[in-house]
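S.K.: Let me see the structure of the following:
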Amino acid sequence: ASNQRIAMDEKRREDLENKLEAWRKGDDNIQKNLDEQIDGLKARFADAEVEIIFDVSKMEKKIGSAPEFGDGSACLDLRAILTDCYNKEKDIRLCDIHVQAVEACTKRVISS
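M.R.: Have a look, this model is predicted:
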């Protein structure tokens, strides 16, 4: 009975190891797919950034530089809070309230 129990335990352990190995392979595939998606999104973001910088440069040449408002310290405290939120939160949607506050402050500065 003892040998039979040991054999059953060994079989269960092997089954669990096989399941764990299969899960790890599946997890590796999922992680690889996510990494590829992230790389693709980073590339698209970089392309969009370059495009925007180019377009802004063209617009500035066409209509002159954008007006400056204040000394650059406008809404500084709100911008700092927003930056801190982005650095701390994994889900940036949690920072939406700070984005709205910065937008409202910016509108006040521009319209004043």
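
S.K.: His98 is in contact with Leu78, correct?
M.R.: Yes - Leu78 is within contact range of His98, at 6.9 Å (criterion: C-beta atoms under 8 Å). All C-beta atoms are positioned from the backbone trio N, CA, C, and that covers glycine.

S.K.: pLDDT score assigned to Asp39?
M.R.: pLDDT, Asp39: 93.

S.K.: sec struct for it, please.
M.R.: helix (DSSP: H, G, I helix; E, B strand; the rest coil).

S.K.: mind listing what's buried in the helix or strand harbouring Gln100?
M.R.: Per DSSP states H and E: Gln100 is located in helix 96-111. By 16 or more other C-beta atoms under 10 Å, the buried positions in helix 96-111 come out as 98, 101-102, 105.

S.K.: how about the residues you listed in a markdown table, adding pLDDT and distance to Lys25?
M.R.: Shown next, in a markdown table, are those (pLDDT from 0 to 100; distance: C-beta to C-beta, whole Å):
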| residue | pLDDT | distance to Lys25 |
| --- | --- | --- |
| His98 | 95 | 41 |
| Ala101 | 94 | 46 |
| Val102 | 92 | 45 |
| Cys105 | 90 | 51 |
